[in-house]
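> Structure, please.
(one chain, ligands or ions: 2)
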Amino acid sequence: MDSQSAEPKKTKTANLEDVRKVVAEARKRAEAQVKATGIVSAGAITSETKKSATVRVARTEMPGNIMRPEHVKPVSLALPPSDAAAAPGAPGADAAEAAPAAAQDQAPTAETVPRLTNPIRKRPKAYGVEARRRYREENSRRLTSLESGFILCPGCFSHIVLHDLEPLHVAQCQSCGTMEFVPLRIGNFWLFEPLGGGSMGSVYKACHTEMTDQVFAVKILGRMNKTDPVAIESLLREARVAKVIGDHPCLVSCVESGFQDDEYYYAMEMIEGNRLDKLMDQRGRLPEVAVYRMAVDMLDALQHIWSRGYLYCDLKAENIILSTAEHAVLIDYGLCAEAGQLVDPDGQFISGSPYYLPPERVWGMVESPASCIYSLGMVIYHTLTGEPYFDAPDIRALMERHVAPDAEVSLNRLKGLRPGLMQVLTQMIRQDHRERFQTFDEARGAVKQILDEMARMGGR
Ligand SMILES: Nc1ncnc2c1ncn2[C@@H]1O[C@H](COP(=O)(O)OP(=O)(O)O)[C@@H](O)[C@H]1O
Ligand SMILES: [Mg+2]
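Ligands and ions are numbered 1, 2, ... in the order given. Now for the predicted structure:
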């Protein structure tokens, strides 16, 4: 190991406070990573086993009483007025829908897996002059060392040589013992910090070798399912859906996807901010005004997705980032369903987050915007009270609560909050979908009215 090089010292004298902060944060992150992963496999970031995580439960494992009651009639679905058909790469469109090479039993190459790219949008508030300058500085430093084959130890600034180290694992500095994450290069992206992940993939913060004035989030497959055709198709499909959905201030946008350096990847803009579930963990409940603003943003986002021919189907606090650029932003298009196929095609599994999933999913019925509105209502309740609306000792029992015959709307815990809220929330979370708001715009109008009233009264 090459230690005590001149370069880090330069950095040190240039801005000591900043360097200290970065070092402290990096150390904390690396230690948390070690704790979470037991060092051995940072590639497969352990998923949270919370009841809000997305799960997949076989119907045969559910108790017998999840039959749809007679009085709940199936949705007669008005499909979205389709500007979807006009959208480039809309569902069913040829090139973007092409199956990946792996699914066709060919060895994938950068040429055979369609590479999708999108014009890169920069959120004006997140990417102001100052932020871009900061990113450029940080990324240039990072790239200088990465392209020369080493990373800087955050503990003692010595060089940790990348050669021979396994990317996406945590390495230990031989000089001071500090743990540091080993980045991976995919095409022009360097994945340098884990952000999160679920059952199939993991997401990493990344910098780009040319576009240095911003950061990205890149999703790749878990190390165990890197070659699994189902996982591959699911990752690439998510990128295709993102491309069809396109640009919206409350939605994450896809930057690029494809296959390079032996990895399938899906690169997105990085949303800087706080994930809603983490904020709830820290603060318990959130202020009303923040919750209503988030809800309006989410209803805008859901409506935009619907107008592009998809229903979102995975609304939960983990998929919402309260961005530092003021909007709430929805991420993760993994469960988006085409508007024409709003029921699990094989009907064997119930997928979703047990806290928030709509009764229609449990009953195996066709879903509609009213189903997403139900999930959003559950999220609103959770964020306002700090408690989930339904709870149960285990996941199956919790899923069952959403369809229990006695699952009456009871909003006692909301007493003392805005008048008008109870009525709006009731209309979001009724068990029978026909008694809920039927469109995103209707629900948005109702929530916006509460916000406007708060503004009129100067309330917080
Ligand atoms: N564009 C992004 N910007 C910032 N963080 C992100 C982004 N995409 C994903 N993440 C982080 O990674 C986690 C997992 O990503 P997600 O797409 O939700 O994957 P999964 O399908 O495994 O739930 C998110 O909960 C979030 O913390
Ligand atoms: Mg997710």
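> And the pLDDT at the one residue in the stretch 351-460 of the chain that gets nearest to ligand 1?
Proximity of the stretch 351-460 of the chain to ligand 1 (C-beta to the nearest ligand atom) peaks at Ser353, 9.7 Å away. From N, CA and C alone the C-beta is placed, and that goes for glycine too. In this model, Ser353 is scored at 92, pLDDT.
> ok, it touching Lys316?
Yes. With contacts counted by C-beta atoms under 8 Å, Ser353 reaches Lys316, the gap being 4.2 Å.
> Name the residues contacting each of those two.
Listed as contacting both Ser353 and Lys316 by C-beta atoms under 8 Å, 6 or more residues apart in numbering are 52, 54, 375.
> For those, which single residue is the most surrounded?
Highest neighbour count within the shared contacts of Ser353 and Lys316, by other C-beta atoms under 10 Å: Ser375, with 25 neighbours.
> sec struct for that residue, please.
helix (DSSP: H, G, I helix; E, B strand; the rest coil).
> same check, this time on Gly196
At Gly196 the chain is in strand, as set by three-state DSSP.
> Pretty sure it sits against Ser202.
Yes. With contact defined as C-beta under 8 Å, Gly196 counts as touching Ser202 (7.4 Å).
> between these two, which one's more packed in?
Higher neighbour count among Gly196 and Ser202: Ser202, with 22 against 18, using other C-beta under 10 Å.
> hang on, the more buried one is in a strand, isn't it?
Yes. Judged by three-state DSSP, Ser202 forms part of a strand.
> Tell me how far it lies from Cys153.
24 Å (C-beta to C-beta, to the nearest Å).
> pLDDT on the host helix or strand of Gln427, on average?
Per DSSP states H and E: Gln427 is located in helix 421-429. When pLDDT is averaged over helix 421-429, the result is 95.
> which strands and helices sit next to that helix?
Packed against helix 421-429 by the contact rule (3 or more C-beta pairs under 8 Å, 6 or more residues apart in numbering; DSSP states H and E) you find helix 369-385, helix 440-456.
> Now those in JSON lines, please, with extra columns for mean pLDDT and distance to ligand 1.
Output for the helices and strands packed on helix 421-429, formatted as JSON lines (pLDDT from 0 to 100; distance: least, C-beta to the nearest ligand atom, whole Å):
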{"stretch": "helix 369-385", "mean pLDDT": "97", "distance to ligand 1": "14"}
{"stretch": "helix 440-456", "mean pLDDT": "96", "distance to ligand 1": "21"}
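> Out of these, which is the most enclosed?
Among the helices and strands packed on helix 421-429, helix 369-385 has the highest mean neighbour count (mean count of other C-beta atoms under 10 Å), at a mean of 25.
> now it: how far from the chain's centre is it?
Here the centre of helix 369-385 is set off from its chain's centre by 17 Å, with C-alpha atoms, centre = their mean, to the nearest Å.
> could you give the angle of it to helix 440-456?
When axes from the mean of the first three to the mean of the last three C-alpha atoms, to 10 degrees is applied, the directions of helix 369-385 and helix 440-456 differ by 30 degrees.
> Toward the C-terminus, what is the element adjacent to helix 369-385?
Next along the chain after helix 369-385, taking DSSP H and E as the criterion, comes helix 395-401.
> What are the buried residues along that next one?
For helix 395-401, burial by neighbour count (16 or more other C-beta atoms under 10 Å) applies to 395-396, 398-401.
> circling back: just so I know, which of the helices and strands packed on helix 421-429 lies nearest ligand 2?
Of all the helices and strands packed on helix 421-429, the one in closest proximity to ligand 2, counting by C-beta to the ion, is helix 369-385 (13.2 Å).
> on contacts alone, who are the packing partners of that closest one?
Packing partners of helix 369-385 (3+ C-beta pairs under 8 Å, 6+ apart): helix 276-283, helix 288-307, strand 310-311, helix 359-363, helix 421-429, helix 440-456.
> residue ranges with poor pLDDT in the stretch 51-200 of the chain?
Low-confidence segments of the stretch 51-200 of the chain (pLDDT under 70): 64-65, 75-106, 110, 125, 199.
> Tell me which stretches of it form strands.
With DSSP state E, counting those that start in this stretch as the criterion, the stretch 51-200 of the chain has strands at 55-58, 116-117, 150-152, 159-161, 170-172, 179-181, 184-186, 189-197.
> in its sheet, what does the longest one sit against?
Looking at strand 189-197 with DSSP bridges, its paired strands and their directions are strand 184-186 (antiparallel), strand 201-208 (antiparallel).
> from the middle of its chain, how far away would the last one be?
Same thing as strand 201-208. Mean-position distance between strand 201-208 and its chain equals 12 Å (C-alpha atoms, centre = their mean).
> Give me the contacts around that strand.
Contacts of strand 201-208 (C-beta under 8 Å, 6+ apart): 43-45, 139, 142-143, 168, 184, 188-197, 214-222, 231, 235, 267, 270.
> burial measure for the closest residue to Arg136 other than its chain neighbours, as a count.
On the basis of C-beta to C-beta, 6 or more residues apart in numbering, the spatially nearest residue to Arg136 that is not a chain neighbour turns out to be Asp213, at 4.7 Å. Using other C-beta under 10 Å, Asp213 has 18 other residues around it.
> Ok, Gly416 next?
5.
> Going by secondary structure, it is in what exactly?
Going by DSSP H and E, Gly416 is not in any helix or strand.
> For it, grab phi and psi.
The phi/psi pair for Gly416 (degrees, to the nearest 10) reads phi 100, psi -10.
> cool, Ile350 as well?
According to degrees, to the nearest 10, Ile350 has phi -110, psi 110.
> Surely it touches Met399?
Yes. Using C-beta under 8 Å, Ile350 makes contact with Met399 at a distance of 6.3 Å.
> Now for these two: what residues contact both?
57, 62, 357, 362.
> what residues are up against the residue nearest to Arg136?
127, 132-133, 135-136, 139.
> go on, Val291?
When contacts are counted by C-beta under 8 Å, 6+ apart, Val291 is found next to 380, 383-384.
> That one and Gln449, how far apart?
From Val291 across to Gln449, the span is 15 Å (C-beta to C-beta).
> Could you count how many residues lie near whatever residue of the chain ends up closest to ligand 1?
Proximity of the chain to ligand 1 (C-beta to the nearest ligand atom) peaks at Gly198, 2.3 Å away. For Gly198, the neighbour count with other C-beta under 10 Å is 18.
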